[in-house]
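[1] all I have is the shape, not the residue letters:
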């Protein structure tokens, strides 16, 4: 039997399915990456309060102001800082709770949802 020797690679339908799967994965990736990059920028802004000695942040309003300015610099415009971030002072530290979810339309009524929930204990008040 020479059938096994003549079968090399994917068929046309196999290539179409592989390309469709690849296109789907790329589509999902490009829709989710901006949300993860924005979240990483927010986390680094919050952590910079403790690590950057040149910042003079001693009150909760200073904290919100600094993170808000960082959001402007990083072009994060689709989040309301007062709704996604809660900051309190305990034991001479800022306790920041960053919690929000983002939805991205995928196909008609199917959405991709990413949830972020981080708590930070940042010294310096």
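    Received, thanks. All figures in this text were calculated on a predicted structure; none of them were measured in a lab.
[2] which parts of this protein are strands?
    Using DSSP state E, the strands assigned to the chain run over residues 85-90, 93-107, 110-123.
[3] average pLDDT across the second one?
    Strand 93-107 shows a mean pLDDT of 95 in the predicted model.
[4] next one: stretch 58-78
    Rounded to a whole number, the mean pLDDT of stretch 58-78 is 93.
[5] what residues of it count as buried?
    62, 63, 64, 66, 67, 70, 71, 76 (16 or more other CB atoms under 10 Å). Glycine gets a C-beta too; all of them are placed from N, C-alpha and C.
[6] settle this for me: the last one is touching residue 41, isn't it.
    Yes - with the criterion set as CB atoms under 8 Å, residue 76 and residue 41 qualify as a contacting pair; they are 6.5 Å apart.
[7] determine the longest helix present in the chain.
    Ranked by number of residues, the top helix in the chain under DSSP state H is helix 12-51.
[8] chain center to that one: distance?
    Relative to its chain's centre, helix 12-51 lies at 9 Å (CA atoms, centre = their mean, to the nearest Å).
[9] not counting residues beside it along the chain, what's closest to the residue nearest the centre of the chain?
    Nearest residue to the geometric centre of the chain (CA atoms, centre = their mean): residue 36, 2.1 Å. If you skip the residues right next to it in sequence, residue 36 has residue 114 as its closest partner in space, 7.4 Å away by CB to CB, 6 or more residues apart in numbering.
[10] tell me how many other residues crowd that neighbour.
    14 (other CB atoms under 10 Å).
[11] what are the bridge partners for it, then?
    Here residue 114 sits in beta bridges with residue 102, going by DSSP bridges.
[12] surely it is in contact with residue 38?
    No - counting by CB under 8 Å, residue 114 stays clear of residue 38, with 10.3 Å between them.
[13] what's the per-residue pLDDT of the closest residue to residue 39 other than its chain neighbours here?
    Leaving aside its chain neighbours, residue 39 sits nearest to residue 116 (5.1 Å; criterion: CB to CB, 6+ apart). Reading off the per-residue confidence, residue 116 sits at a pLDDT of 97.
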